[in-house]
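1. okay, predicted coordinates and the sequence, questions at the end:
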Amino acid sequence: MVAVKPTGHKRIGVLTSGGDCAGLNAILRAVVLRAVGHYGWQVVGIRNGTAGLLARPVEAQTLELGLDLFDGSLLRRGGTILGTTNKGNPFDYPLPDGSRVNRAGEVIEGYRELDLDALIGIGGDGSQAILRRLAQEGGIDLVTVPKTIDNDLGHTELSIGYSTAVKVATDALDQLQPTAASHSRVMVLEVMGRDAGHIAIAAGIAGGADVILIPEIPYTVTGIAAKLEQIRQGGRNFALVVVAEAVKTEEGELVKQTQASGAQTYGGVGHYLAARIAEETGAETRVTVLGHLQRGGMPTDRDRLMASIFGVHAVDLIAEGKFDRMVAWSGRQVVDIPIAEAIAGYKAVDLDGPLVHTARGLGTYLGEFSP
Ligand code: F6P
């Protein structure tokens, strides 16, 4: 039996969806402080993204998020206290026998059973597309918050998790540089980012990489070798190479791993590249694949700040009755845009943007540019 809600009172849901990243808990904290602390609403955390809304009884998949939850540590903690999933699209849900079914109706029913007035969905482009479709089919008042270490969502300069991922990758370069110098080696650091090179180029510049390879720009191993030769002739005995996980081999192949679930994930191009560089130059190479270290750990000040700004704004949008919108950061302001625009506006590294200009200005080998 659902209690009658006082006028003006709201009961809102929040979930984290897709791959995790640092800063998700900081968003949850901001949502609760604003919704409960300021507006006096109730906040219901839904476990494991849309998977929580599929389980029955659905209440068992929820967690009342009250002010008592905050002992001061949540802002700083990596991961998500709600759990998340990047599998099991309810519109194309995999069954054990390999067939696929549409379970969207069950998710919507689960949401209704919770008697929520609105939902805040924290996710990247894939999760937001699913949540928006559910919202449209189920009449759910939805607001989204962008998170992805890949920073590839359109119309927002920043997504939560990106800053921390860049810091982790930059720290890795800081730690690789002395050992590279001690052993006269070429160190190859493979970073995440899915199909975009945002992490690679930002960390590569900040960490002083000599070569930065991103999926957006083609390269040749002879071009890399020429850069390494230039470094050698300049009297330096080591080099740092950053490669984004979706950079292809010279033959144009993506390097992927098949997981136990059958899912294909990026990973391994660093090893390919190190072998090719060694072959071409005779240099001693070593590889570090940074992997999920980029998603964990304590969020940076930047991620905590943006998470706080986004969380408060998302709740304010609900208070104003503005739905189907994603909070975003643009021109030093928090803004909100239609979710559909954010999903459609996939953001690759801008080849005419300041990071490409800067890397080239520093003499970094970034790939082959047509004249
Ligand atoms: O989208 C975030 C991301 O970390 C990508 O950078 C990476 O390719 C992928 O997720 C890894 O996914 P999983 O956690 O399923 O291995």
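-> Everything's here; your move. Predicted, not measured: the structure shown is a model, and the values here were computed from it. Numbers count the residues shown, from 1 in each chain.
2. residue of the protein closest to the ligand, please.
-> residue 192 (3.3 Å; CB to the nearest ligand atom). C-beta coordinates here come from the backbone N, C-alpha and C atoms, glycine included.
3. wait, that residue touches residue 296, no?
-> No - using CB atoms under 8 Å as the test, residue 192 is too far from residue 296 to be in contact (11.8 Å).
4. give me the more crowded residue out of those two.
-> Legend: neighbour count by other CB atoms under 10 Å for residue 192 and residue 296, higher for residue 192 (26 against 15).
5. could you measure from the more buried one over to residue 321?
-> Distance from residue 192 to residue 321, counting by CB to CB, to the nearest Å: 37 Å.
6. and residue 54, by the same measure?
-> 28 Å.
7. then residue 10?
-> In this view, residue 10 and residue 321 are 11 Å apart by CB to CB.
8. for the stretch 201-350 of the chain, what lies in contact range of the ligand?
-> Within the stretch 201-350 of the chain, the positions lying close to the ligand (CB under 6 Å from any ligand atom) are 245, 265-266, 295.
9. tell me the one of the residues you listed nearest residue 43?
-> Nearest to residue 43 out of these is residue 295 (CB to CB; 24.5 Å).
10. residues touching that closest one, list them.
-> Neighbour list for residue 295: 19-22, 78, 149, 161, 165, 192 [criterion: CB atoms under 8 Å, 6 or more residues apart in numbering].
11. without its sequence neighbours, what residue ends up closest to it?
-> Spatial nearest neighbour of residue 295, chain neighbours left out: residue 21 (5.1 Å); criterion: CB to CB, 6 or more residues apart in numbering.
12. which elements pack onto whichever strand or helix holds residue 243?
-> Residue 243 belongs to strand 239-244 when assigned by DSSP states H and E. In terms of contacts (3 or more CB pairs under 8 Å, 6 or more residues apart in numbering; DSSP states H and E), strand 239-244 is packed against helix 162-183, strand 186-191, helix 198-206, strand 211-213, helix 221-233, helix 269-281.
13. following the one helix or strand in the chain whose mean pLDDT sits lowest in sequence, what is the next regular element?
-> Evaluated with mean pLDDT, DSSP states H and E, the helix-and-strand set of the chain has its lowest mean pLDDT in strand 93-94, which scores a mean of 93. Scanning forward in sequence from strand 93-94, with DSSP H and E defining helices and strands, the next element found is strand 100-101.
14. which elements pack onto that next one?
-> strand 93-94.
15. tell me the strands beside the strand it packs on, with direction?
-> Each strand paired with strand 93-94, and its direction, by DSSP bridges: strand 100-101 (antiparallel).
16. let me see the mean pLDDT of the partner strand.
-> Averaging pLDDT along strand 100-101 yields 96.
17. can we start the residue count at 335 from this point?
-> OK, 335 is where the count begins now, so the last one is strand 434-435.
18. now that strand, how far from the chain's geometric center?
-> The chain centre lies 27 Å from the centre of strand 434-435; the measure is CA atoms, centre = their mean, to the nearest Å.
19. now tell me what touches it from outside.
-> Residues outside strand 434-435 that contact it (CB under 8 Å, 6+ apart) are 426-429.
20. list of residues touching the helix or strand just after it?
-> Heading C-terminal from strand 434-435, the first helix or strand you meet, by DSSP H and E, is helix 438-447. With contact meaning CB under 8 Å, 6+ apart, helix 438-447 is reached by 347, 384, 386-390, 392-393, 395, 424-425, 453, 467-468, 471-472, 474.
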